[in-house]
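> what follows is a predicted structure for the sequence shown.
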Amino acid sequence: MKLAVLASGNGSNFEAIVQAVEAGQIPAEIVLLFADHHDAYVMERAKKHRIPCASFELKEFENKQAYEKALLELLAEHQVELIILAGYMRIIGPGLLEAYPNRIVNIHPALLPSFPGLHGIRDAFEAKVSETGVTVHYIDSGVDTGPIIAQEAVAVDPADTLEQLEEKIHQVEHQLYPRVIAEIVKEIQA
């Protein structure tokens, strides 16, 4: 199965996914990394693993539809069958949703439906909850509202700093996401 990973930043989840593919834990091939920022560090990670990468930014296009059309063409060119979002900070538009129904997977650093949006970890931390976690879900037209595939809880210690909580969340993400992607790929191929 041919996977594309869409990312915007550092790429620690991308790295965890690549390592799982290389170890044979995910029976698929990453055929493309797409970054929506030319300077995203995740592109360095892709180059290190010899994964084809591409990048363009919304501001280079007339509008979001033109941006998504170019992205769809890129995905088609690479014969992508499943899209994995790994810190991709853009809302997926109708063009991608229609082209890849139930084939776009995201990870969110909170137990959805609690703390959706850009700052899930910080929002949970500031709410002083005793538990937060990680959610893997399919993308729909809302923000973090798609069908939930898997969740894993993370206890919040009252002594945790925001940075400590972020680290705990990332550790769970790097284990949960590759495992769930492997299950999805096997399910699709069955």
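Ah, there it is. No experiment lies behind these values; they were computed from the predicted model shown.
> biggest helix in the chain, by residue count?
Using DSSP state H to assign secondary structure, the helix with the most residues in the chain is helix 162-189.
> now do the same end-to-end measure for stretch 48-64.
Using Cα to Cα, to the nearest Å, the end-to-end distance of stretch 48-64 comes to 30 Å.
> mind listing what's buried in stretch 2-20?
Within stretch 2-20, the residues that count as buried by 16 or more other Cβ atoms under 10 Å are 3-9, 11-18, 20. C-beta: built from backbone N, CA, C; applies to glycine.
> cool, and stretch 52-72?
Going by neighbour count (16+ other Cβ under 10 Å), the buried part of stretch 52-72 is C53, A54, S55, F56, Y67, E68, L71, L72.
> and the furthest pair within those?
Greatest spatial distance in those: C53 and E68, 18.4 Å, computed using Cβ to Cβ.
> that older thread, which of the buried residues of stretch 52-72 fall within helices?
In helices, judged by DSSP H, the following of these are found: Y67, E68, L71, L72.
> now the first one: closest residue in space that isn't a chain neighbour?
Distances taken as Cβ to Cβ, 6 or more residues apart in numbering put F61 closest to Y67, at 4.3 Å, once the chain neighbours are dropped.
> any stretches of the protein with poor pLDDT?
Within the chain, no range satisfies pLDDT under 70.
> and the strands in it, which stretches?
Along the chain, the stretches classed as strands by DSSP state E are 2-7, 29-35, 53-55, 82-85, 104-108, 131-138, 148-155.
> of those strands, which is nearest A124?
Across these, the minimum distance to A124, taken as Cβ to Cβ, is reached by strand 131-138, at 3.9 Å.
> pull up the pairing partners for the closest one, direction included.
strand 104-108 (antiparallel), strand 148-155 (antiparallel) (DSSP bridges).
> next one: stretch 140-157 to chain centre, how far?
12 Å (Cα atoms, centre = their mean, to the nearest Å).
> with stretch 30-42 instead?
A distance of 12 Å separates the centroid of the chain from that of stretch 30-42, by Cα atoms, centre = their mean.
> stretch 175-190 now?
Relative to its chain's centre, stretch 175-190 lies at 14 Å (Cα atoms, centre = their mean).
> what of stretch 55-63?
In terms of Cα atoms, centre = their mean, the gap separating the centre of stretch 55-63 from the centre of its chain is 20 Å.
> what's the closest non-adjacent residue to N10?
Leaving out its chain neighbours, N10 is closest to Y41 (Cβ to Cβ, 6+ apart), at 5.0 Å.
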